[in-house]
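> Turn this into a model:
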Amino acid sequence: MSKELQEQHEEFERFTKMNTEELAAATAEYEQEFVEDKFRALTPSERQQWLRAKRRGRPVVGKGAKKISISIEADHLSLIDRCAELLNISRSKLLTDGAVMLAKANGIVTKKDGRLSRGKASKNAGAASGKAKQPGRRRTGS
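Model prediction:
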């Protein structure tokens with residue numbers, strides 16, 4: 001444990017061992033107005049610690065994740081959730097892996113590098129879902 005962390009731990013321990021009166025006396029200065037005038041700028045070490053604590057969200061993997069909103073029938077969602085639970089993976093991973101497998105099986109994605117190979121899709125690309133491609137339903141990116 002670093003010296004700085006050791007000091008913080010000892011300070012914490014000191015406060016946890018105080019009785020009510022001792023704690024009130026030790027924190028009396030914070031009952032005053034404009035106590036923030038007594039604050040100081042963070043040291044570089046404290047600033048790094050603050051930034052680490054402030055960081056939120058999942059770590060970036062690959063090109064990063066993007067949240068989307070889709071509609072799925074309740075029965076299908078239950079099936080997806082049950083499969084993900086049995087496989088001990090997230091719902092997102094199950095759907096992503098399924099989409100990649102379907103794309104590879106239909107020649108849309110090459111098996112070597114996982115890149116999209118436009119125009120290589122087989123004529124039966126829509127057959128796996130039981131539906132033919134719907135013209136005019138193409139979604140453009142934003």
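
> Spatially central, which residue of this structure would that be?
residue 58 (2.5 Å; C-alpha atoms, centre = their mean).

> can you tell me how far that residue sits from residue 66?
Distance check for residue 58 against residue 66: by C-beta to C-beta, to the nearest Å, it reads 12 Å. Every residue, glycine included, has its C-beta placed from N, CA and C.

> Pop the domain breakdown of the chain in here.
The chain breaks down into these domains under automatic domain parsing: 3-54, 74-128.

> Mean pLDDT lowest where, among the ones you listed?
Among these, domain 74-128 carries the lowest mean pLDDT, at a mean of 79.

> For residue 62, find the nearest of the domains of the chain.
In terms of C-beta to C-beta, the element of these nearest to residue 62 is domain 74-128, at 10.3 Å.

> could you list every residue that touches residue 76?
Going by C-beta atoms under 8 Å, 6 or more residues apart in numbering, residue 76 touches no other residue.

> Can you tell me how far it is from residue 94?
Applying C-beta to C-beta to residue 76 and residue 94 gives a distance of 12 Å.

> Kindly report the same for residue 80.
From residue 80 to residue 94 the distance is 6 Å (C-beta to C-beta).

> Need the overlap of contacts for those two.
By C-beta under 8 Å, 6+ apart, no residue touches both residue 80 and residue 94.

> In terms of helices and strands, where is residue 25?
In the assignment (DSSP states H and E), residue 25 maps to helix 20-26.

> how distant is that helix from the center of its chain?
41 Å (C-alpha atoms, centre = their mean, to the nearest Å).

> what's the distance between the following helix or strand past that helix and the middle of its chain?
Next in sequence after helix 20-26, counting helices and strands by DSSP H and E, comes helix 44-54. Taking C-alpha atoms, centre = their mean, the mean C-alpha location of helix 44-54 is offset from the chain mean by 20 Å.
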